[in-house]
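1. sequence first, then the predicted structure, then my questions.
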Amino acid sequence: MATNCPTRPSETEHPVPRNVTVQQEMTRSFPGYFKSNFSRGKKRCLTATKHLVKTSKTMALNFYLLPKNTSHTPLPTEELELLQAGMGRQTVSLPEDGDHTEISKLLTNTFPKMEDLCGGWLLHKATGGSGRRKLTFIPQEAEGYSVKALRAASAGGKATFYIVPL
């Protein structure tokens, strides 16, 4: 008695294994998340090949170089003259962990006239009101000015520091 049964593969035969990577399986299973980079026209960097670049945070502070030792801010009519002479208000980006030597170097680069100062300089800030205001001295730390101390003295970087030559 012969029965007409469809032939089944023998149980000893195994399907041929395919060499499928995890990335290919993820692309097949989740096409929205794992699309081919080439189909979109851009090439992505692999996370293993990214180089981590150490970036230091900077803080922008306003500085104003005064022409002489004075106890008051300049008049509005004098501000244009000072700006044209290479003095006046400038914004300087300082690293948050900067020390006195770094601050001095960046200020000298911003204000080339500071190279000619013989007796050094001190920082002051204006207090109260508008127009011609009184300047108050900002005390230095043992090593000089630091960016952390300037940030605290300027209420988070909002005040203008006046550079007063000695």
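-> On my side now, so go ahead.

2. what is the longest helix along the chain packed up against?
-> If you go by DSSP state H, the chain has its longest helix at helix 100-110. Counting contacts by 3 or more C-beta pairs under 8 Å, 6 or more residues apart in numbering; DSSP states H and E, helix 100-110 is packed against strand 88-95. To be clear about C-beta, it is placed using only N, CA and C from the backbone, and glycine gets the same treatment.

3. so which bits of the strand it packs on are buried?
-> Using 16 or more other C-beta atoms under 10 Å as the test for burial, strand 88-95 gives 88, 90, 92, 94.

4. other residues contacting that strand?
-> For strand 88-95, the external contacting residues (C-beta atoms under 8 Å, 6 or more residues apart in numbering) are 56-65, 79, 82-83, 102-103, 106-107, 110-111, 147, 150, 160.

5. was I right to think residue 132 contacts residue 75?
-> Yes. Residue 132 is within contact range of residue 75, at 5.9 Å (criterion: C-beta atoms under 8 Å).

6. who's in contact with the residue lying closest to residue 117 once chain neighbours are set aside?
-> Spatial nearest neighbour of residue 117, excluding adjacent residues (C-beta to C-beta, 6 or more residues apart in numbering): residue 165 at 5.0 Å. By C-beta under 8 Å, 6+ apart, the contact set of residue 165 is 66, 67, 68, 69, 117, 119, 120, 121.

7. please apply the same query to residue 98.
-> Taking C-beta under 8 Å, 6+ apart as the test, what residue 98 contacts is 106, 146, 147.

8. what bits of this protein have low per-residue confidence?
-> Applying pLDDT under 70 to the chain flags the ranges 1-18, 34-55.

9. all helices of it, in order?
-> 22-29, 76-84, 100-110, 147-153.

10. pull the CA atoms of stretch 121-132 into CSV?
-> C-alpha atoms of stretch 121-132 as CSV (Å, rounded to 0.1, in the frame of the first residue of the first chain):
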residue,chain,number,x,y,z
TRP,A,121,46.7,97.8,36.3
LEU,A,122,43.8,97.0,38.6
LEU,A,123,40.2,96.2,37.9
HIS,A,124,37.3,98.3,39.1
LYS,A,125,33.5,98.1,38.6
ALA,A,126,31.0,100.9,38.4
THR,A,127,28.4,101.2,41.2
GLY,A,128,24.9,102.5,40.9
GLY,A,129,23.0,104.8,38.5
SER,A,130,23.8,105.8,35.0
GLY,A,131,26.0,108.5,33.4
ARG,A,132,29.2,109.2,35.2
